[in-house]
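K.L.:
the following comprises the amino acid sequence and a computationally predicted model.
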Amino acid sequence: MAIDITVPQLGESIVEATVVQWFKQEGDQVTTGEALLELETEKVTLEVNANDSGVLSRIERAAGEDVRIGDLLGVLDESGEAAGAAGAAGADSAGSTDSKAAPEDESGSADESGSADEPPDPAEEASGRSDAVSDDRVTPVARRMADEAGISLSEVEGTGMGGRIRREDVERAVAARAAEPTAPDAEPAARAAELTAPDAEPTAPEADPAGDDREEIVPMSRRRRTIASRLVEAQQTAAMLTTFNEIDMSTVMTIRRRNREAFEERHGVRLGFMSFFVKAVIGALRDFPELNGEIRGDAIVRKHYYDIGIAVGAEDGLVVPVLRDADRMSFAEIESNIRQYAAKAGEGKLSLEDLRGGTFTITNGGVFGSMLSTPILNPPQVGILGLHRIDDRPVAVDGEVVIRPIMYVALSYDHRIIDGREAVQFLARVKSLIEVPAALLLEV
């Protein structure tokens with residue numbers, strides 16, 4: 001029995017994905033629960049597993065193709081193993097009958113070329129046309145790109161499963177055609193005469209672009225495409241502004257230095273800066289709840305829970321896993337969850353649940369050496385706090401110039417529901433809670 005392999009539900013608000021790779025090839029035996037292929041969505045990469053055992057009889061969507069929920073990915077033949085055995089038996093039977101005389105037609109002569117009623121091979125029929133490549137040998141995207149570029153698919157070498165032509169193959173063909181030198185003149189003798197004429201002016205030699213490898217076309221991953229569109233959307237739909245402040249990190253650094261070993265020994269995780277900022281942000285959000293809300297139509301939604309997103313750098317782009325009910329977490333729980341998220345992001349194992357929702361985001365560009373930046377909102381959130389590297393700077397304290405470890409912080413906010421006064425006061429509140437962290441025990 002043939003079983004369709006389709007694109008599963010991908011999570012909240014996610015309807016499209018891209019096939020990254022197949023772990024199995026056509027004809028491979030598959031067992032229940034075994035990973036068949038990998039899909040990349042705008043948020044995570046996930047595996048599609050086999051619900052039954054059998055043989056992968058057909059692959060419908062090759063690596064690099066975009067798919068939607070419910071699309072057919074391939075076909076699993078549940079009786080594939082039995083069919084394979086039957087096929088082998090049939091082959092043996094056929095072999096034994098080959099030694100017998102072939103059936104004769106009415107004239108008494110054997111048909112040596114096969115049955116005259118055998119239908120023609122579609123592929124052979126296609127080869128007779130100028131650009132006839134069957135649909136099962138080319139992806140829809142590749143066909144459309146070839147039509148737009150005027151490329152004959154019969155001249156494109158497919159690198160997909162079974163030689164299937166993909167988008168990348170067409171892109172290479174387009175690039176190769178652009179790099180081809182121009183055809184020589186049809187009348188070289190006339191051209192030579194023209195160049196040797198007395199009044200002929202010397203022309204500069206044309207550059208030969210053949211073999212030029214200064215440019216490379218690399219298709220965007222689905223996650224990168226989504227990041228690009230979401231960032232543009234955030235700038236086009238929100239009235240985004242950014243306000244800045246600086247924080248003296250002396251006290252927090254002293255607390256970390258004095259308690260680092262004991263904290264790690266007790267909780268099994270290092271005490272970092274992020275837990276302090278998560279606590280400080282929650283304290284400030286309680287004072288300025290609009291920054292913990294969102295806009296829905298003409299209404300403002302105020303959220304009385306604190307799901308804090310922590311931006312984490314991954315190979316394919318920034319991801320923002322969420323600390324759910326972060327106000328109920330201890331410092332150790334915050335640090336432990338962030339560490340787990342970072343490890344999962346590095347391995348590409350973040351789940352949709354890890355990334356769902358979020359009421360406010362914190363991003364730390366300081367780990368990459370950033371001194372100052374203007375973070376972009378993560379819609380539908382209306383606030384994001386950017387942290388940066390800590391540098392020793394001269395500052396005035398009680399009328400004296402002293403050297404202190406200073407961090408610049410930036411708050412980007414949606415001016416549609418948050419006034420500048422609130423934004424500045426919010427950031428000042430974060431500053432005060434970090435510079436006097438003992439207050440975090442009372443405020444949070």
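P.N.:
Looks like it came in fine. Residues are numbered from 1 along each chain as shown.
K.L.:
would you confirm that residue 173 contacts residue 156?
P.N.:
Yes. Look at residue 173 against residue 156 with C-beta atoms under 8 Å: they come within range, at 4.8 Å. (Each C-beta comes from the backbone N, C-alpha and C, glycine too.)
K.L.:
what's the overlap in contacts for the two?
P.N.:
Listed as contacting both residue 173 and residue 156 by C-beta atoms under 8 Å, 6 or more residues apart in numbering are residue 146.
K.L.:
which strand runs longest in the chain?
P.N.:
Longest strand of the chain, by residue count under DSSP state E: strand 400-414.
K.L.:
just give the number of residues close to residue 310.
P.N.:
Around residue 310 there are 23 other residues, counting by other C-beta atoms under 10 Å.
K.L.:
show me what contacts it?
P.N.:
With C-beta under 8 Å, 6+ apart, residue 310 has these contacts: 274, 278, 320, 321, 322, 323, 338, 341, 361, 362, 363.
K.L.:
can you redo these as a markdown table with secondary structure?
P.N.:
Below are those laid out as a markdown table (DSSP: H, G, I helix; E, B strand; the rest coil):
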| residue | secondary structure |
| --- | --- |
| 274 | helix |
| 278 | helix |
| 320 | coil |
| 321 | coil |
| 322 | strand |
| 323 | strand |
| 338 | helix |
| 341 | helix |
| 361 | strand |
| 362 | strand |
| 363 | strand |
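K.L.:
okay, those residues in TSV with distance to residue 309, pLDDT and neighbour count next?
P.N.:
Formatted as TSV, the contacts of residue 310 follow (distance: C-beta to C-beta, whole Å; pLDDT from 0 to 100; neighbours: other C-beta atoms under 10 Å):
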residue	distance to residue 309	pLDDT	neighbour count
274	12	95	20
278	10	97	27
320	4	91	22
321	7	93	24
322	5	95	21
323	8	97	24
338	11	95	20
341	10	93	20
361	4	97	23
362	7	97	23
363	9	96	25
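K.L.:
out of those residues, which comes closest to residue 381?
P.N.:
Residue 381 has its nearest neighbour among the contacts of residue 310 in residue 361, at 6.0 Å by C-beta to C-beta.
K.L.:
doesn't residue 306 make contact with that closest one?
P.N.:
No. Counting by C-beta under 8 Å, residue 361 does not reach residue 306; the two are 11.9 Å apart.
K.L.:
related to what we said a few turns ago, quick check: next helix or strand after the longest strand of the chain?
P.N.:
For strand 400-414, the following helix or strand on the C-terminal side (DSSP states H and E) is helix 420-435.
K.L.:
what angle do that next one and strand 400-414 make?
P.N.:
130 degrees (axes from the mean of the first three to the mean of the last three C-alpha atoms, to 10 degrees).
K.L.:
show me where the stretch 201-350 of the chain has its strands.
P.N.:
Using DSSP state E, counting those that start in this stretch, the strands of the stretch 201-350 of the chain run over residues 240-248, 294-296, 299-301, 308-310, 312-314, 317-319, 322-323.
K.L.:
okay, these in a markdown table with distance to residue 406 next?
P.N.:
A markdown table is the format used below for those (distance: least, C-beta to C-beta, whole Å):
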| stretch | distance to residue 406 |
| --- | --- |
| strand 240-248 | 5 |
| strand 294-296 | 32 |
| strand 299-301 | 35 |
| strand 308-310 | 23 |
| strand 312-314 | 24 |
| strand 317-319 | 25 |
| strand 322-323 | 26 |
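K.L.:
out of these, flag the one nearest residue 375.
P.N.:
Among the strands of the stretch 201-350 of the chain, strand 240-248 comes nearest to residue 375, with 7.5 Å by C-beta to C-beta.
K.L.:
check what contacts that closest one and list those residues.
P.N.:
234, 372, 374-377, 395, 404-415, 420, 423-424, 427-428, 430-431, 434-435.
K.L.:
from those residues, which would you call buried?
P.N.:
For the contacts of strand 240-248, a burial check counting by 16 or more other C-beta atoms under 10 Å picks out 234, 375-377, 404, 406-414, 423, 427, 430-431, 434.
K.L.:
good, wrapping up.
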